[in-house]
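Visitor: everything below, folded, please.
(2 chains)
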Amino acid sequence: MAQKQAAKNNKSQLLLPQALWQKIGANYLLTNDSGHYAWLKEKDFALVTAGKMAEKDPLFAELAAKGFIRNRLDFNDLAAKWKKKNAYLYYGPGLHILVMTLRCGNKCLYCQSAAAGLGAKHTDMPLAVARKSVDLAFNSPNPGITIEFQGGEPLLNWEVLKNTVLYARKKARIAGKDLKLALVSNFSLMTVEKAEFLLKQEVSICTSLDGPKALHDKNRVSSSGSSYDDTIKWIKFFQARHDKQVPEYRVFKPSALLTVSRYSLSGHKEIIDEYVGMGLEDIFIRPLAPIGYAWRLWDKIGYDAKDFSIFYLKSLDYILKLNQRGVVIREKMASMMLDKIVNFRDPGYLDARCPCGAAIGQLAYNYNGDIYTCDEGRMVGWEGNDLFRIGNVFTDSYKKVMNSATTKVCVVSSNLEAQPVCARCAYKPYCGVCPVYNYETQGSLWGNMPANDRCGLFKGIFKALFMLLKNPEKAAILKKWVAK
Amino acid sequence: MKTNKGAKEIFLDAGIYSGEAVKLAAFVFSDKADIRIVPGKNVFKISVRAENAERAAGEFLNEVLNQQCRIDLAKKNSKIAGIIVTKALLSAAGEK
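Guide: From the prediction side, this is the model:
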């Protein structure tokens, strides 16, 4: 009897601790909360789950080291990896988006921020609002603050933007915080004078580039000619300044954001070649979010997750081929997922955190001082639904904003431990859900994952990445993307 | 399921689905369909009235299942879920 009990105990000691798995093809992908993963053949998976894997089996040591054998858990190592991957849980919001104006000269097909016309000056952020927003941002306990100037086209409110940059720099010196400043602009109003100021203040520059001229201009309709021409001119300018560098200040490499509309789906090679041709080393292939204004135009410009997945996988394949030929180009979404998978590191991708970055990772400040959980939440507000508004810079303190019911419900509803399907998904250690997306597409903050397009899309990307990591040559390229 | 002039009747076993899950699903569907819930003995009689009642009823059933799974999961995972949420909110608010 005693012998039987000992045997039973021994078997249970070899069983899997808390682990997640997914059958992909003939093999099983095994993951755990620390972020470790392992591929198992069907027979090995059966042995592991039954607690029958022999200690002399060559796989045993690997599984033990990765936290998949119950009596061999190195809690210090596993906890350290979990903490590193989830470091954001300890800091509060680092990203603060200031919407300098809703005005914009472009009429992009999918404009999520539903830009106002050039005459709508009442949508410019007054200096008092900008300063109050910066004050509130600096109340975040996060030692690193990023202030991102957005619009509309933020350069339309240049004097306030300029003043806010100087004000934020001064605040950072007094507070002893690390401050990063970023501008998202279509460059239609960029001048050498403005560019010099931004460079000297170490403001990183990001623009939108949707691909070759014909596609870019079709997506991003400009009232004053070609939006592509402005974009290219200034990407080249900032690239040249980056390559030159100066001793007085750091010049960051400019970056560009790609928005994929229905018109983009047939041209992945041309789009990627355009980025490579511009000397851009990262391309962020992200789907169009059916949020706010874009939701209303979905029939015209939208697509389903399956179409985007095909586009994404073709793009990733092409990017890897370019890498094999020595071209430096990385896909940003893959890089951010890989940083978690390979390095156990939080890449700062707020959309794929658990809980999501709404309010606790980022705040969006509208031109009138209203504070939203995120930029997507602000877009929903612009469409007339202020569910994601969590305060105003003049009437609410930072603590009140963080303690608002909306902040809490976004955190609770995006916690994967409380999400059916997600809680048992093999990709849970690396993934995150978006309450705003869920609300807009499925009518509730929680969403319903089996029918959720974003979930389907993320699963497709994770599956592709894990399959690529099985291939030594491709794994070496992918790991290089996140080696720093 | 019985069809009746743009409406679909569904019967759900109250031993499997809780009233909370059915009501939460009805709330999620409040802008997509008219949902009437009549609790009976061990059963919920539900009427789904919508433009495409057949489809709406199917989607409603999926949502009831989703809500029930969420309620069941919350009972099982509430401790770890609570720790994560508490840590995230306290850190963000600047509390240790």
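Visitor: ok, A:Ser261 touching A:Leu288?
Guide: Yes - counting by Cβ atoms under 8 Å, A:Ser261 does reach A:Leu288; the two are 6.1 Å apart. C-beta here means a position set from N, CA and C on the backbone, and glycine is covered the same way.
Visitor: pull up the residues of chain B that are close to chain A.
Guide: B:27-29, B:31-32, B:59, B:62-63, B:66, B:69-70, B:72-74, B:77-78, B:80-81, B:84-85, B:87-89, B:91-94 (Cβ under 8 Å from any Cβ of the partner chain).
Visitor: just these: which are in helices?
Guide: B:27-28, B:59, B:62-63, B:66, B:69-70, B:72-74, B:77-78, B:80-81, B:84-85, B:87-89, B:91-93 (DSSP state H).
Visitor: among these, which ones are buried?
Guide: The neighbour-count test (16 or more other Cβ atoms under 10 Å in any protein chain shown) marks B:28, B:59, B:63, B:66, B:69-70, B:73, B:77, B:81, B:84-85, B:88-89, B:91-93 as buried among those.
Visitor: hmm, which of these is lowest in pLDDT?
Guide: Of all these, B:Asn77 carries the smallest pLDDT score, 91.
Visitor: surely that one and A:Arg424 touch.
Guide: No - assessed by Cβ under 8 Å, B:Asn77 is found out of contact with A:Arg424, at 10.2 Å.
Visitor: mutual contacts of these two, please.
Guide: By Cβ atoms under 8 Å, 6 or more residues apart in numbering or on different chains, B:Asn77 and A:Arg424 have no common neighbours.
Visitor: residue ranges in chain A under the pLDDT threshold?
Guide: For chain A, the stretches with pLDDT under 70 are A:1-15, A:112-114, A:292.
Visitor: which residue lies nearest the spatial centre of it?
Guide: A:Tyr349 (3.4 Å; Cα atoms, centre = their mean).
Visitor: now do chain B
Guide: Short answer for chain B (Cα atoms, centre = their mean): B:Ala25, at 2.9 Å.
Visitor: and that one, backbone torsions?
Guide: phi -60, psi -40 (degrees, to the nearest 10).
Visitor: that one contacts B:Ala57, correct?
Guide: No - counting by Cβ under 8 Å, B:Ala57 is not a contact partner of B:Ala25; they are 11.4 Å apart.
Visitor: for burial, what's the neighbour tally of A:Lys236?
Guide: 13 (other Cβ atoms under 10 Å in any protein chain shown).
Visitor: so which strand or helix has it?
Guide: Using DSSP states H and E, the element containing A:Lys236 is helix A:227-244.
Visitor: what is the subsequent helix or strand relative to that helix?
Guide: strand A:255-260.
Visitor: which bits of chain A sit near chain B?
Guide: A:89-93, A:139-141, A:354-355, A:359-360, A:398-399, A:402-403, A:407-408, A:411-412, A:415, A:417-421, A:423, A:442-444, A:446, A:448-451.
Visitor: residue in the stretch 101-250 of chain A nearest to chain B?
Guide: A:Pro141 (4.2 Å; Cβ to the nearest Cβ).
Visitor: who is A:Leu181 paired with across the strands?
Guide: A:Ile147, A:Val203 (DSSP bridges).
Visitor: which parts of the stretch 1-150 of chain A are helices?
Guide: Using DSSP state H, counting those that start in this stretch, the helices found in the stretch 1-150 of chain A span residues A:2-14, A:42-49, A:58-65, A:75-85, A:127-137.
Visitor: residue contacts, the residue lying closest to A:Arg330 once chain neighbours are set aside?
Guide: Nearest residue to A:Arg330, sequence neighbours excluded (Cβ to Cβ, 6 or more residues apart in numbering or on different chains): A:Trp481, at 4.5 Å. By Cβ under 8 Å, 6+ apart, A:Trp481 lies in contact with A:330, A:334-335, A:338.
Visitor: hey, which helix is longest across chain A?
Guide: helix A:305-324.
Visitor: what's the burial count for residue 22?
Guide: Reading this off chain A. 17.
Visitor: can you look at chain B instead?
Guide: Neighbour tally, B:Val22, other Cβ under 10 Å: 23.
Visitor: spit out the contact partners of the closest residue in space to B:Asp13 that isn't next to it in sequence.
Guide: Excluding its sequence neighbours, the residue lying closest to B:Asp13 (Cβ to Cβ, 6+ apart) is B:Val43, at 6.4 Å. By Cβ under 8 Å, 6+ apart, the contact set of B:Val43 is B:11-14.
Visitor: got the contact list for the residue in the stretch 251-400 of chain A positioned nearest to chain B?
Guide: Nearest residue of the stretch 251-400 of chain A to chain B: A:Ile360, at 4.0 Å (Cβ to the nearest Cβ). By Cβ under 8 Å, 6+ apart, the contact set of A:Ile360 is A:88, A:92-93, A:402, A:407, A:411, B:88-89, B:91-92.
Visitor: before we move on, back to that, looking at the contacts of A:Trp481, which are in helices?
Guide: Short answer: the contacts of A:Trp481 in helices (DSSP H) are A:334-335, A:338.
Visitor: out of those residues, who's the most crowded?
Guide: Busiest of these [other Cβ under 10 Å] is A:Ala334, holding 25 neighbours.
Visitor: wouldn't that one be in contact with A:Leu465 here?
Guide: Yes - counting by Cβ under 8 Å, A:Leu465 is a contact partner of A:Ala334 at 6.0 Å.
Visitor: tell me, what's touching these two both at once?
Guide: By Cβ under 8 Å, 6+ apart, the residues touching both A:Ala334 and A:Leu465 are A:Leu478.
Visitor: stretch B:7-19: end-to-end distance?
Guide: For stretch B:7-19, the first and last residues are 21 Å from each other (Cα to Cα, to the nearest Å).
Visitor: any chance of CSV for the contacts of B:Val43, columns neighbour count and pLDDT?
Guide: CSV is the format used below for the contacts of B:Val43 (neighbours: other Cβ atoms under 10 Å in any protein chain shown; pLDDT from 0 to 100):
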residue, neighbour count, pLDDT
B:Phe11, 12, 96
B:Leu12, 22, 97
B:Asp13, 9, 96
B:Ala14, 15, 96
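Visitor: just give me the closest of these to A:Gln201.
Guide: Taking Cβ to Cβ as the measure, A:Gln201 lies nearest B:Leu12 of those, at 61.3 Å.
Visitor: of the helices of the stretch 1-150 of chain A, flag the one that's most buried.
Guide: Comparing these on average neighbours per residue, with mean count of other Cβ atoms under 10 Å in any protein chain shown, the densest one is helix A:127-137 at a mean of 20.
Visitor: and that one, what does it pack onto?
Guide: strand A:95-99, strand A:144-150, helix A:158-175, strand A:362-365 (3 or more Cβ pairs under 8 Å, 6 or more residues apart in numbering or on different chains; DSSP states H and E).
Visitor: need the CA coordinates for that helix. PDB is fine.
Guide: Only the C-alpha atoms of helix A:127-137 are listed here, as PDB (Å, rounded to 0.1, in the frame of the first residue of the first chain):
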ATOM      1  CA  LEU A 127      -1.900  76.000 -24.500                       C
ATOM      2  CA  ALA A 128      -3.500  75.800 -21.100                       C
ATOM      3  CA  VAL A 129      -5.000  72.400 -21.900                       C
ATOM      4  CA  ALA A 130      -1.600  71.200 -23.300                       C
ATOM      5  CA  ARG A 131       0.200  72.200 -20.100                       C
ATOM      6  CA  LYS A 132      -2.400  70.700 -17.900                       C
ATOM      7  CA  SER A 133      -2.100  67.500 -19.900                       C
ATOM      8  CA  VAL A 134       1.600  67.400 -19.400                       C
ATOM      9  CA  ASP A 135       1.200  68.100 -15.700                       C
ATOM     10  CA  LEU A 136      -1.100  65.200 -15.400                       C
ATOM     11  CA  ALA A 137       1.200  62.900 -17.400                       C
END
